[in-house]
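[1] Got a sequence here, can you model it:
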Amino acid sequence: MKTCVIYDETGEYGKRLLSGLIKKAQNQFNLMLFTGKEELEKYLKEGRPDLLLVSEDSMNEGITRLYRGNIIILTEEPCVNEEMDFGDSACYGIYRYQSVERIFNEIVVKGGLKRNTRIKTLDIIGVYSPVYVEGKQSFVLNLAKIMSEKYKTLYINLEEFSGLGELLPAENQYTLSDALYFYRQNGKMVADKIGQTINSVSGVDYIPPVMCAEDLSYVDSKELITFFEQLGNMFGYEMIVVDISTAVRQPWDMLDMCSTVYIPEKSDYISKEKLKCFETYYSSIGREYSFDRFELIRLPEGENDMKPDFWEKCGYSGMCRYVRKMLEKDGDTGAGE
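    Next up is the predicted model:
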């Protein structure tokens with residue numbers, strides 16, 4: 001297993017960063033913290049970490065004399081992902097005063113901590129309905145949050161007008177549109193750029209939804225499938241929870257790739273007829289084999305808690321209780337083992 005060493009002479013920042021990275025790493029690699037120069041130098045003489053993460057005010061030439069591997073400097077001022085020269089060594093600089101999620105994504109890519117093989121296969125859970133059902137977004141977000149308690153999970157919304165800009169803000173202005181653009185470039189730093197589009201709120205990782213509806217009309221399900229697989233490989237995600245809409249071309253391919261598709265339904269006449277039309281069409285294109293992965297659900301009434309304080313209440317809301325009971329019935333509580 002690879003090792004990342006943090007060196008911060010102030011101590012307090014290093015301890016907070018260590019705690020946050022341990023939670024995000026989930027045993028993908030080892031993490032160590034040094035706050036004293038002599039302790040660090042002794043360690044570097046005896047061992048060789050895969051990455052050295054050093055606070056800018058703690059960096060010195062003694063470190064580069066003892067260690068010629070990957071060095072990332074945690075800078076006091078924002079930097080634009082540029083290499084930094086320090087003596088005879090080339091080091092990357094990343095801004096220290098940003099979310100642990102951002103720092104984690106950058107060190108995984110730049111520091112070479114990305115795993116070459118996946119311990120678990122990527123599991124994709126979809127939520128789709130041919131009818132409008134109140135509470136669907138609340139259901140999906142609660143599902144993603146609960147799954148994040150047990151698995152390294154990413155939430156992605158594929159609606160053309162999600163309305164989630166306030167609940168899922170784009171901290172650095174990047175959205176799913178940018179993530180897909182970076183993915184198509186297939187350049188040397190593609191993982192680093194995609195990593196910058198990933199945000200986190202209340203323990204849920206997410207890529208902010210598109211701002212321009214047309215961006216989804218230009219992508220088909222097959223491209224999204226390979227994109228999701230790459231996200232799993234790049235960042236170690238075990239599960240991706242996707243809010244699927246017909247804004248994506250040929251969404252049926254995406255439904256087929258999901259291990260489970262939750263389909264919220266309603267009891268009124270037209271909603272039932274729409275669901276019948278969906279099932280009939282799905283059979284007509286030869287995809288009956290997917291029916292066993294579809295799970296029809298009836299969302300609880302009056303539990304649409306999509307308000308500005310959603311994240312403050314979602315842990316104990318009625319919708320959250322409904323999702324937990326549903327998962328318990330399916331044999332996956334979402335609670336840590």
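[2] which secondary structure elements does the one helix or strand Glu223 maps to contact?
    Glu223 is part of helix 221-235, with elements assigned from DSSP states H and E. Applying 3 or more CB pairs under 8 Å, 6 or more residues apart in numbering; DSSP states H and E, we find helix 221-235 packed against helix 100-110, strand 153-157, helix 176-185, helix 190-195, strand 239-243, helix 251-257. Just so you know, the C-beta spots here come from the backbone N, C-alpha and C atoms, and that holds for glycine as well.
[3] elements contacting the fourth one?
    If you count contacts as 3+ CB pairs under 8 Å, 6+ apart, helix 190-195 packs onto helix 100-110, helix 176-185, helix 221-235.
[4] quick revisit: contacts for the helix holding Glu223, please.
    105, 108-109, 114, 118, 122, 124, 152, 154, 156, 158, 179-180, 183, 191, 194-195, 198, 237-238, 240, 242, 248-254, 257 (CB atoms under 8 Å, 6 or more residues apart in numbering).
[5] give me the low-pLDDT residue ranges for the stretch 51-200 of the chain?
    The model of the stretch 51-200 of the chain has pLDDT under 70 over residues 80-90, 114-121, 187-189.
[6] nearest to Val54, of the helices and strands packed on helix 190-195?
    Between Val54 and the helices and strands packed on helix 190-195, the tightest spacing by CB to CB is seen for helix 100-110, at 11.6 Å.
[7] Any idea how far the helix or strand that the closest one is followed by is from the middle of the chain?
    Downstream of helix 100-110, the next assigned helix or strand under DSSP H and E is strand 123-127. The chain centroid and the centroid of strand 123-127 are separated by 14 Å under CA atoms, centre = their mean, to the nearest Å.
[8] now for strand 123-127, which elements pack on it?
    Using 3+ CB pairs under 8 Å, 6+ apart: strand 123-127 touches helix 136-148, strand 239-243, helix 251-257, strand 260-264.
[9] Okay, now the sheet partners of that strand, with direction.
    strand 239-243 (parallel), strand 260-264 (parallel) (DSSP bridges).
[10] what's the first one in contact with?
    For strand 239-243, the external contacting residues (CB under 8 Å, 6+ apart) are 122-127, 136-137, 140, 143-144, 147, 151-159, 162, 228, 231-232, 254, 258.
[11] Try it again at 7 Å.
    Strand 239-243 is contacted by residues 122-127, 137, 140, 143-144, 147, 151, 153-159, 228, 231 when judged by CB atoms under 7 Å, 6 or more residues apart in numbering.
[12] now Val261, nearest residue through space, not along the chain?
    Computed as CB to CB, 6 or more residues apart in numbering, the closest residue to Val261 that is not its neighbour in sequence is Gly126, at 4.4 Å.
[13] can you tell me the average pLDDT over stretch 235-242?
    Averaging pLDDT along stretch 235-242 yields 93.
[14] and it, how far apart are its ends?
    Terminal residues of stretch 235-242 lie 17 Å apart, using CA to CA, to the nearest Å.
[15] How far off centre is that stretch?
    6 Å.
[16] cool, stretch 100-113 as well?
    Worked out by CA atoms, centre = their mean, stretch 100-113 lies 13 Å from the chain centre.
[17] Just the CA atoms of that stretch, as PDB, please.
    The C-alpha trace of stretch 100-113 is given here as PDB (Å, rounded to 0.1, in the frame of the first residue of the first chain):
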ATOM      1  CA  VAL A 100     -10.400  18.400   2.000                       C
ATOM      2  CA  GLU A 101     -12.300  16.900  -0.900                       C
ATOM      3  CA  ARG A 102     -10.400  19.200  -3.400                       C
ATOM      4  CA  ILE A 103      -7.000  18.500  -1.700                       C
ATOM      5  CA  PHE A 104      -7.700  14.800  -1.700                       C
ATOM      6  CA  ASN A 105      -8.600  14.700  -5.400                       C
ATOM      7  CA  GLU A 106      -5.500  16.600  -6.300                       C
ATOM      8  CA  ILE A 107      -3.000  14.600  -4.300                       C
ATOM      9  CA  VAL A 108      -4.500  11.300  -5.600                       C
ATOM     10  CA  VAL A 109      -3.700  12.400  -9.200                       C
ATOM     11  CA  LYS A 110      -0.600  14.500  -8.900                       C
ATOM     12  CA  GLY A 111       0.900  12.500  -6.100                       C
ATOM     13  CA  GLY A 112       0.500   9.200  -7.900                       C
ATOM     14  CA  LEU A 113      -1.700   7.700  -5.200                       C
END
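[18] Fine by me, we can end here.
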